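Visitor: here is a sequence with its predicted model. Questions after.
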Amino acid sequence: MEYTYQYSWIIPFIPVIIPMLIGVGLLLFPKATKNLRRMWAFPSVLLLSIVMIFSANPPIQQINNSYIYQYVWSWTINNDFSLEFTYLIDPLTSIMSILITTVGIMVLIYSDNYMSHDQGYLRFFAYMSFFNTSMLGLVTSSNLIQIYIFWELVGVCSYLLIGFWFTRPIAANACQKAFVTNRVGDFGLLLGILGLYWITGSFEFQDLFEIFNNLIYNNEVNFLFVTLCALLLFSGAIAKSAQFPLQVWLPDAMEGPTPISALIHAATMVAAGIFLVARLLPLFIVIPYIMNIIALIGIITLLLGATLALAQKDIKRSLAYSTMSQLGYMMLALGIGSYRAALFHLITHAYSKALLFLGSGSIIHSMEAIVGYSPDKSQNMVLMGGLTKHVPITKTAFFLGILSLCGIPPLACFWSKDEILNDSWLYSPIFAIIAFFTAGLTAFYMFRIYLLTFEGYLNVHFQNYSGKTNNSFYSISLWGKDIEGKKRIQKRFRLLSLLTMNNNNERISFLLKKTYPIDINVRKMRRPFITITHFGIKNTFLYPHESDTTMLFPMLVLGIFTLFVGAIGIPFNQQGMDLDILSKLLTPVIIHQNSNNSVDWYEFVTNASFSLSIAYLGIFIASFLYKPFYSSLQNLNFRNSFVKSVPNKMIWEKIINVIYDWSYNRGYIDAFYEISLTNGIRGLAQLTYFFDRRVIDGITNGVGITSFFVGEGIKYIGGGRISSYLLLYLSYVLIFLFIFIFQFIS
Amino acid sequence: MVVVLPIFAGSLIFFLPHRGNKVIRGYTIFICALELLLITYAFYYHFQLDDRLMQLTEDYKWINFFDFYWRLGIDGLSIGPILLTGFITTLATLAARPVTRDSRLFHFLMLAMYSGQIGSFSSRDLLLFFIMWELELIPVYLLLSVWGGKKRLYSATKFILYTAGSSVFFLMGVLGIGLYGSNEPTLNFETSANQSYPVALEIIFYIGFLIAFAVKSPIIPLHTWLPDTHGEAHYSTCMLLAGILLKMGAYGLVRINMELLPRAHSLFAPWLIIVGTIQIIYAASASPGQRNLKKRIAYSSISHMGFIIIGIGSISDMGLNGAILQIISHGFIGAALFFLAGTSFDRIRLVYLDEMGGMAIPVPKIFTTFSILSMASLALPGMSGFVAELIVFLGLITSQKFFLITKILITFVMAIGMILTPIYSLSMLRQMFYGYKFFNAPNSYFFDSGPRELFVSISILLPVIGIGIYPDFVFSLSVDKVEDIISIYFYR
């Protein structure tokens, strides 16, 4: 076992082999590499599984001893300064790495099928493996510089993967937005790191915490400065975890392929911010202001995320906002000092959300067969509905995820969320009320997603009867033909995929520059005058299909995780052992032990029933609003009568409208940023450029021009004509003569 | 010795039989590679890293009349730039293969520039340094004015006026230092390093040298020649300009201003830092306003030079090390970016960014390398730029010279540059490659990069990543020398 420890630092770097090989292969032997494309998926899964086994090993032994610390590599520059790469495994790390590897493996298996018709299949796997490496590097790093390095690398992976379908302008914008927003956070992180280095003279966590606590204890540092540094450090976490002021990138990040959204933008990378705060909690905890700020940011984010998720049409966007809200819960938990609850929620949420995203990916995959490849349509929840019949297994898995996120008892998120809610109640009643309210909202929007997607009838076909002649299938081929030109287009829907599965086309083309006439139909979709009997008449309709086994398998595994992962945090009261597995793991780390660690079952049940009732309330309202969607005629009448009968419900309607507008327009925050920041920077750039051109360059050119004129003048004067010289000479002689004469006279 | 080899070999080009461009090209590349091998060989076997003095010296009396020696030598400071020069010039000649017009002269000029650059990096004599400095101006001027773009005459004139104007100050400084004190002119670096001057005189010299180097490296009010020049020049010239010429200014700043005039330098250092900070922000915010691709890269390299100036200005071990590392790393990155911009220009024949788009599909390899290099230029960890910038930051923070508040402010403002950099470089990437565009033009010239271009870009990428992962390699060259230089400031 000693032997394994010695070389365990290699573990995070095992998956890096794949991107290196693929990169070299794609650059040098593109044809051969592309021919072997499916073979690349296997080793990446295999290597990641190896990593998983190895990273699952330490915690088993670690329940007793505390941590491993290992020196790997150094960048010694001179005597004053040395930067060492070290490898640190403590319970936090091992929890995170198990999480990353398990979700990662599932997503890799899943994406083998999901991306199989994509031209960028290899690129995708290279990026994924690279991401896994850097994420594992991030969690095992033991000093701040190392954290920063992997932090940036993770950000770059996210950038590359969001912009994976780079032919789409939306994706191009989204990935740049994500990177720049994250860079703002990194700016704070770097400054914070530098500031802390300045204060303590160390990057290593252990030394850092020790020195820092001593300094605080002896009151030797400028308190304001320390707070500023901590705040700057925290801003890195804000950006990465999409917390309140910097949350704008996360929903746009959904432009990436869905497995990416599952792995990076739901389960792992966005949790890196939580991880950072958890890692630095010994540092933050001595500064109470920072803890308050963390809690405040958390609560703002969780409320904001939940409200923004209310009216999104895009299934992935609404899931993204839900992620944001859940991350807010974790931040809140960290801010109020319940480290364990935050991590617990991190784990449970990661599995549930990964499950949800994979499920939505499966749905999108099946919808693409009908509406064609366009995120505006295949991810549009308005077009879905009634998918229960067509994709039953996906539906089951998805439903599990939904229930888990809503916080329904046997499922994972219930345990963790309940813990956070309890702790927040102890911290501050206002926060607790907001948190409880948001739990209700969560249930509401999650069920909204579920009901819109799976209940009722498939809405896609409705559009065929709304007056336009082209049906969806036809529109796909139109789309293909118009822009196709010389290039072959990889059609991504299932029926034709077999025909086009040849590898002679070397370009990805998801061409979305066209606006389809269908888009207009989409908006008019919800017209109630369609009757369902029409379905029997036309038999050319396509129905969504259930996805392949390779896609279903990961979902099922994740579903099982979602079912049982809560168990690690459930307090088992047996044999006098009061601690559950998770707290046992985390005991060495927890500094600020919560007072009510002993489980009071009565309190637990009351709290749980309260939060449960709120969740059920949310579910009820959601089903009230969205359930009758398929029988929209009735619904309309019902709603109309409802509105008419109670006149002052108009105000209610208005309020709902306001909320919907707010939510649909993403709280106007994006627009605000767009106007203020982007245009500001553009203006600044124009101004600087203008200044550069006109003033600085103007001076130079001015000097040039004046010298030119001076030269011309001199040339004119020194023309070399004897007569002019004579004239000048004579005139001067005359002047002198005059002066002489005048002087003589006077 | 190695310095004269390229120019002599280059003049032989004119005697080569006229058998088409191929011979000339092959010959030039052969000479460059030979030179690079010679340099590497010499350094590998005859250079001791732990020896702090000049090594591999040559010392001939050239002109008896005023005691002018042909003194060459290499120490830890100059070995990095010399290797960089050899590397980049070889790649630039390789990149210049598409040049067919008057290739004889072109390649001769390349080789002449090679000589001039190596000469100025390795000279140990002020006047020799000056002569070499001037020697490489002429090839640049000609390269610019013959093989440039549309406005080439304007930018070439601007370039020559700027640099020649600054050379006047340089010459004044050289003569002033040389003639001061004794009856015989002393132009040797070692003797003049030990000399001390009255403070006022030192400041005057310092200003003179500073102006010369400020034009070269560009420091901001004197930078406007650079975007024009880079915008117009052929890309192999751009590689040399961005990769090596700019570094000569920074090198001179260390070599002459820091080593010879320490007291004036410690007076001027805070101003240098302030100017460098302004430069980072200023150039980074001017860059997104550019429509011309090459000009945008040019502004980005101005912005990166700001880090070097700050590193030099923070009189600390780490800052100076960072500056030297940044010299080398930006030498690679800047050259590679210009190379890729040039090659992609060869393909789509569009200069302005807003006309481009959707190039990723036809040229995936260029896209890949370009995106890796723009990541490197925005200081992605794992690449050399990050290490250099981080160490400059640390150098500034650990520097004992400044007050707390100023340090905080300057670090803060520098770090804003970190946000601006991805904005311009990523939007450049996005405007060039992302999106989709159907090229109606006959696609005859639309092929992905061939093995030659791929070789050039990969051979630049490898050191960039290598330095990023193991920067000690570069530091081991320069650490001792840097300690020497810094020790002047603390033991005086």
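Guide: That came through, no problem.
Visitor: and the pLDDT at A:L189?
Guide: pLDDT for A:L189: 90.
Visitor: quick check: it vs A:N218, distance?
Guide: As for A:L189, its distance to A:N218 is 27 Å (criterion: Cβ to Cβ, to the nearest Å). Quick note: C-beta positions are derived from backbone N, CA and C, even for glycine.
Visitor: likewise A:T307?
Guide: A:T307 is 45 Å from A:N218, by Cβ to Cβ.
Visitor: which of A:L189 and A:N218 has more residues huddled nearby?
Guide: Of the pair A:L189 and A:N218, A:L189 is the one with more neighbours under other Cβ atoms under 10 Å in any protein chain shown, namely 29 against 8.
Visitor: which residues touch the more buried one?
Guide: A:148, A:151, A:232-233, A:235-237 (Cβ atoms under 8 Å, 6 or more residues apart in numbering or on different chains).
Visitor: give me the neighbour count for whatever residue of the stretch 251-400 of chain A ends up closest to chain B.
Guide: Closest contact between the stretch 251-400 of chain A and chain B, by Cβ to the nearest Cβ, is at A:E255 (11.5 Å). By other Cβ under 10 Å, 25 other residues sit near A:E255.
Visitor: just the pLDDT at it, thanks.
Guide: Reported pLDDT at A:E255 in the predicted model: 80.
Visitor: what about the strands in the chain?
Guide: With no chain named, the answer covers chain A. For chain A, the strands defined by DSSP state E cover A:68-76, A:82-89.
Visitor: not quite, go with chain B.
Guide: Secondary structure of chain B (DSSP E): strands located at B:55-63, B:68-74.
Visitor: and the residue lying closest to B:S425 once chain neighbours are set aside, what does it touch?
Guide: Excluding the flanking residues, the one nearest B:S425 by Cβ to Cβ, 6 or more residues apart in numbering or on different chains is B:S374, at 4.4 Å. In this structure, B:S374 makes contact with B:337, B:425-426, B:428-429, judged by Cβ under 8 Å, 6+ apart.
Visitor: neighbour-wise, give me the winner out of the residues you listed.
Guide: When neighbours are counted by other Cβ under 10 Å, B:L337 leads those with 31 neighbours.
Visitor: which residue is the nearest non-sequential neighbour of that residue?
Guide: Nearest in space to B:L337, with sequence neighbours left out and distances taken as Cβ to Cβ, 6+ apart, is B:I297 at 5.0 Å.
Visitor: please apply the same query to B:S166.
Guide: B:V215 (3.8 Å).
Visitor: how about that neighbour, what does it touch?
Guide: Contacts for B:V215 (Cβ under 8 Å, 6+ apart) come out as B:162-163, B:165-166, B:222, B:225, B:249.
Visitor: confidence-wise, which of the residues you listed comes last?
Guide: For the contacts of B:V215, the model is least confident at B:L222; its pLDDT is 79.
Visitor: how much space between it and chain A?
Guide: Distance, B:L222 to chain A, by Cβ to the nearest Cβ, to the nearest Å: 9 Å.
Visitor: go on, B:I465?
Guide: Here the criterion is Cβ to the nearest Cβ. By it, B:I465 lies 11 Å from chain A.
Visitor: neighbours around the residue lying closest to A:F275 once chain neighbours are set aside, how many?
Guide: With sequence-adjacent residues excluded and distances taken as Cβ to Cβ, 6+ apart, A:F275 is closest to A:M96, at 5.9 Å. Using other Cβ under 10 Å, A:M96 is surrounded by 27 other residues.
Visitor: look up how far A:I347 lies from A:M96.
Guide: 9 Å.
Visitor: centre of the chain to stretch B:365-384, how far?
Guide: Centre-to-centre, stretch B:365-384 and its host chain are 19 Å apart (Cα atoms, centre = their mean, to the nearest Å).
Visitor: for that stretch, give the mean pLDDT please.
Guide: On average, stretch B:365-384 scores 84.
Visitor: where is the longest helix in chain B?
Guide: Counting by DSSP state H, the longest helix found in chain B is helix B:317-348.
Visitor: so which elements touch that one?
Guide: Applying 3 or more Cβ pairs under 8 Å, 6 or more residues apart in numbering or on different chains; DSSP states H and E, one finds that helix B:317-348 contacts helix B:76-95, helix B:235-240, helix B:246-252, helix B:293-313, helix B:364-377, helix B:384-398, helix B:451-469, helix B:472-490.
Visitor: buried set for it?
Guide: Buried residues in helix B:317-348, counted by 16 or more other Cβ atoms under 10 Å in any protein chain shown: B:317-345, B:347-348.
Visitor: now it against helix B:293-313, angle please.
Guide: Calculated by axes from the mean of the first three to the mean of the last three Cα atoms, to 10 degrees, helix B:317-348 forms an angle of 170 degrees with helix B:293-313.
Visitor: can you give me the mean pLDDT across helix B:317-348?
Guide: Model confidence over helix B:317-348 averages 86 on the pLDDT scale.
Visitor: please state the offset of that helix from the chain centre?
Guide: Centroid separation between helix B:317-348 and its chain, computed with Cα atoms, centre = their mean, is 8 Å.
Visitor: now B:A283: how far from B:K295?
Guide: Using Cβ to Cβ, one gets 11 Å for the distance from B:A283 to B:K295.
Visitor: more neighbours: which of these two?
Guide: Legend: neighbour count by other Cβ under 10 Å for B:A283 and B:K295, higher for B:A283 (28 against 23).
Visitor: tell me if I'm right that B:S301 and B:S329 touch.
Guide: No: judged on Cβ atoms under 8 Å, B:S301 makes no contact with B:S329 at a distance of 11.7 Å.
Visitor: now the helices for the stretch 201-350 of chain A?
Guide: Assigned by DSSP state H, counting those that start in this stretch, the helices in the stretch 201-350 of chain A fall at A:205-218, A:223-240, A:249-252, A:258-262, A:271-279, A:281-284, A:288-308, A:315-335, A:339-371.
Visitor: how about those helices in CSV, adding distance to A:M115?
Guide: CSV is the format used below for the helices of the stretch 201-350 of chain A (distance: least, Cβ to Cβ, whole Å):
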stretch, distance to A:M115
helix A:205-218, 38
helix A:223-240, 25
helix A:249-252, 21
helix A:258-262, 7
helix A:271-279, 23
helix A:281-284, 38
helix A:288-308, 28
helix A:315-335, 16
helix A:339-371, 10
